[in-house]
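Colleague: Generate coordinates for the sequence data below:
(2 chains)
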2 protein chains.
Amino acid sequence: MKATAFMEPGKVEIHEVAKPEIQLSGDAIIKIVRACVCGSDLWFFRGINKMPSGSRVGHEAIGIVEEVGSEVTNVKPGDFVIVPFTHGCGHCAACLAGFDGDCMDVPENVNNGYQAEYLRYVNANWGLVPVPGKPSDYSDDMLNNLLTLADVMATGYHAAATAEVKEGDTVVVMGDGAVGLCGVIASKLRGAKRIIAMSRHEDRQKLAKEFGATDIVAERGDDAVKKVLEMTNGGADAVLECVGNELAVETAVKVGRPGAVIGRVGIPQTPTMNTNDLFWRNTGLRGGIAAVTTHDNAILLDAVLNGKINPGKVFTETFDLDHIEDAYEAMDQRTAIKSLLKVSEG
Amino acid sequence: MKATAFMEPGKVEIHEVAKPEIQLSGDAIIKIVRACVCGSDLWFFRGINKMPSGSRVGHEAIGIVEEVGSEVTNVKPGDFVIVPFTHGCGHCAACLAGFDGDCMDVPENVNNGYQAEYLRYVNANWGLVPVPGKPSDYSDDMLNNLLTLADVMATGYHAAATAEVKEGDTVVVMGDGAVGLCGVIASKLRGAKRIIAMSRHEDRQKLAKEFGATDIVAERGDDAVKKVLEMTNGGADAVLECVGNELAVETAVKVGRPGAVIGRVGIPQTPTMNTNDLFWRNTGLRGGIAAVTTHDNAILLDAVLNGKINPGKVFTETFDLDHIEDAYEAMDQRTAIKSLLKVSEG
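Modeller: The predicted model follows:
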């Protein structure tokens, strides 16, 4: 089968490799229908994170269950599923508390590799999210929406959930990548009244507004802080941090009112921060790896199937596996907000 | 009038000084009935924090309104009031959001000095908390309870509120000082099912149990972490951090389950921390200066007056102003959990 391998910064290739097989009783083998490239994939593509040459990559997909291990009863061959990047067991303290992204019972260091024709998924019994019907029952746009539930929309929602966005709130969303844009959708879904998207790119500003942003702030750093504090009379109720670098985190802390909560999903690029600044303003810092299965089952799958949200619009370019290098380059060059990979019909 | 002055580390004195006067239209002059010594007063008493010699000190009291500025309408001369250490205006973004400890409209750098016969209180209109009746209507024990609402009980409650303690939770309380003990009370008041108090001192363990602690852990550091994780099957739902030093904060992070929220009220003694550790476990970090007026009016005053909570038990020694040095020393030497000052009959 075809699978994407990272070779060196700036270079990914399609390799012909063995189809994966069931190894553990909780595994499932999935025939991939659609996959995509994540903003976090750019970290190794750009050489910021080291990764061994030949590593299999990709961690977002929808597909058809082809085979299951002996203990998997919640899904069966032929089922259409969302394939989260997380692998929740459903019964550990993390999963029970609704944080399956931190599952304490993942049986091995999960080897991803969803940018391929097939994948092996561990903890399939609880982790996979079944979708009614089969792929051919859905429009292209709806398949794109469903694909976002494997990571990007669930991650944007996690930012809003951990920032504790509630009815009537004023929210600032840091980051206009696909996750930040999904954060705008999530804020609206949770009832935010005012959503301020921090964005400097016209195409993303436009999509942010379509998704529910009421205001756009193009400034950065202290200029952005000043503008938001003026617009909000002292700061936002909640801040979604969907970037992860130091400037974005610092700005996030400053644009909240006293007592505001920051929901972080941007993977932090500096290990420490001045937490006294948080203390003296009662600023909350929450967030982390998204709880994909939890959010999908609790709210997101329904919202997508009922047409309440259309996160699939973050896919602005489409590729097949043979053009994986182009898919990465489109995101690296910012010509695509997010690159979709059409893999099979299911 | 008599007022306490900090002279040098280890030395406080009573000085004869001028009685305070109304200076701003939002001021009130309060005749103090009871005051007390705070754990945070030990910082200058022990020389950890620098403070100019001769500074007036103390920030917790109950008393009688003697005079008010022209704009004060919520209280009038003769009213019995709790005198918070905070000075909420009631109308800024912080106060409106329920974080009056971060009020953005305090007219000046407030000079405390509640360990005295009289005090001047700014932002009296909203900040002061009226108590029905007069001091002589209440028992000694009830006056002690009311006095805790000026800081220590409100601060313990703030830890529990920002840690988002809810019905059925398992809670860890770091710190067995008066604030930590009030954190135990607050956790029980909010419906926690299991309350694990971290305490090494027998008198405090006993009081913690009386206040609602279900378990005591006397270990510290990694031993404490190991024990709590075993007891809780993966960590507590909420952690109250009522110490502030690095070891306590580190332990607090480790004893929570993934997604747990830490409510900090211990003033942080190290400015930075590794927040990546928070991210990878979805651990929330909240808390800061207590919202005294908010918590008192929302829940604490009723709970005290109805006999639901008895936080006044943290006062284990009583002094008069002339023995202020003894009051400090009792807390410094840990012979008192908290030192009460009987100042007047009101």
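Colleague: A:G259 sits in which helix or strand?
Modeller: Take DSSP states H and E as the rule and A:G259 turns out to sit in strand A:256-264.
Colleague: partners of that strand, with directions?
Modeller: Next to strand A:256-264 in the sheet, as set by DSSP bridges, lie strand A:236-241 (parallel), strand A:284-287 (parallel).
Colleague: Now tabulate those in JSON lines and tack on mean neighbour count and mean pLDDT.
Modeller: C-betas here are computed from N, CA, C, even on glycine. Shown next, in JSON lines, are the strands paired with strand A:256-264 (neighbours: other Cβ atoms under 10 Å in any protein chain shown; pLDDT from 0 to 100):
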{"stretch": "strand A:236-241", "mean neighbour count": "30", "mean pLDDT": "98"}
{"stretch": "strand A:284-287", "mean neighbour count": "27", "mean pLDDT": "98"}
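Colleague: Kindly state which of these is positioned closest to A:V217.
Modeller: Nearest of those to A:V217, taken as Cβ to Cβ: strand A:236-241 at 10.9 Å.
Colleague: Any chance you could list what contacts that closest one?
Modeller: A:156, A:159-160, A:163-166, A:169-175, A:180, A:183, A:186-187, A:192, A:196, A:228, A:248-249, A:252-253, A:255-257, A:260-266, A:287, B:97 (Cβ atoms under 8 Å, 6 or more residues apart in numbering or on different chains).
Colleague: Those residues in helices, which ones?
Modeller: Secondary structure defined by DSSP state H assigns A:156, A:159-160, A:180, A:183, A:186-187, A:228, A:248-249, A:252-253, A:255 of these to helices.
Colleague: and which of these is nearest chain B?
Modeller: Nearest to chain B among those is A:V249, at 8.4 Å by Cβ to the nearest Cβ.
Colleague: so which strand or helix has A:N112?
Modeller: Per DSSP H and E: nothing holds A:N112, as it lies in no helix or strand.
Colleague: and the one residue in the stretch 101-250 of chain A that gets nearest to chain B, what does it touch?
Modeller: In the stretch 101-250 of chain A, the residue found nearest to chain B is A:G234; the distance is 3.1 Å by Cβ to the nearest Cβ. Shown in contact with A:G234 (Cβ under 8 Å, 6+ apart): A:R257, A:P258, B:C92, B:A93, B:A94, B:M104.
Colleague: now swap in A:K188 and tell me
Modeller: A:I195, A:F211, A:G212.
Colleague: which of the residues you listed has the most neighbours?
Modeller: Using other Cβ atoms under 10 Å in any protein chain shown as the neighbour criterion, A:I195 leads those with 29 neighbours.
Colleague: Which strand residues bridge that one?
Modeller: A:V171.
Colleague: Save the contacts of A:K188 as a markdown table, and put in pLDDT too.
Modeller: Below are those laid out as a markdown table (pLDDT from 0 to 100):
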| residue | pLDDT |
| --- | --- |
| A:I195 | 98 |
| A:F211 | 98 |
| A:G212 | 98 |
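Colleague: now the helices for chain A?
Modeller: In chain A, the segments counted as helices under DSSP H are A:41-45, A:93-96, A:124-127, A:140-148, A:152-162, A:178-189, A:202-211, A:221-232, A:246-255, A:276-280, A:292-295, A:301-305, A:324-332.
Colleague: Tell me how many other residues crowd the residue of the stretch 1-150 of chain A found nearest chain B.
Modeller: Nearest residue of the stretch 1-150 of chain A to chain B, counting by Cβ to the nearest Cβ: A:A93, 3.1 Å away. A:A93 sits with 23 neighbouring residues when counted by other Cβ under 10 Å.
Colleague: check contacts around it.
Modeller: Counting by Cβ under 8 Å, 6+ apart, A:A93 touches A:M104, B:T232, B:N233, B:G234, B:G235, B:R257, B:P258.
Colleague: from what I can see the last one touches B:D277, true?
Modeller: No - in terms of Cβ atoms under 8 Å, B:P258 does not count as a neighbour of B:D277; the distance is 11.8 Å.
Colleague: more neighbours, these two?
Modeller: Between B:P258 and B:D277, counted using other Cβ under 10 Å, B:P258 has the larger neighbour count: 26 against 14.
Colleague: So which residues make contact with the lowest-mean-pLDDT helix or strand in chain A?
Modeller: Every helix and strand of chain A was ranked by mean pLDDT, DSSP states H and E. The lowest is strand A:272-274, at a mean of 86. Under the contact criterion Cβ under 8 Å, 6+ apart, strand A:272-274 has outside partners A:E246, A:V249, A:E250, B:P271, B:T272, B:M273, B:N274, B:T275, B:N276.
Colleague: before we move on, what about stretch A:160-168?
Modeller: Stretch A:160-168 is touched from outside by A:171, A:183, A:186-187, A:189-193, A:237-240, A:261-265, A:284, A:286-288, A:295, B:282, B:284, with contacts defined as Cβ under 8 Å, 6+ apart.
Colleague: Could you pull up the mean pLDDT of that stretch?
Modeller: The average of the pLDDT scores along stretch A:160-168 is 98.
Colleague: Show me what counts as buried in that stretch.
Modeller: A:A160, A:A161, A:T162, A:A163, A:E164, A:V165 (16 or more other Cβ atoms under 10 Å in any protein chain shown).
Colleague: And for stretch A:210-222?
Modeller: A:F211, A:G212, A:A213, A:T214, A:D215, A:I216, A:V217.
Colleague: For the last one, give the beta-bridge partners.
Modeller: Beta-bridge pairing of A:V217 under DSSP bridges involves A:M198.
Colleague: on that earlier part again, any chance of a markdown table for the helices of chain A, columns distance to B:Q205?
Modeller: Formatted as a markdown table, the helices of chain A follow (distance: least, Cβ to Cβ, whole Å):
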| stretch | distance to B:Q205 |
| --- | --- |
| helix A:41-45 | 49 |
| helix A:93-96 | 27 |
| helix A:124-127 | 41 |
| helix A:140-148 | 52 |
| helix A:152-162 | 35 |
| helix A:178-189 | 45 |
| helix A:202-211 | 54 |
| helix A:221-232 | 46 |
| helix A:246-255 | 38 |
| helix A:276-280 | 28 |
| helix A:292-295 | 38 |
| helix A:301-305 | 49 |
| helix A:324-332 | 57 |
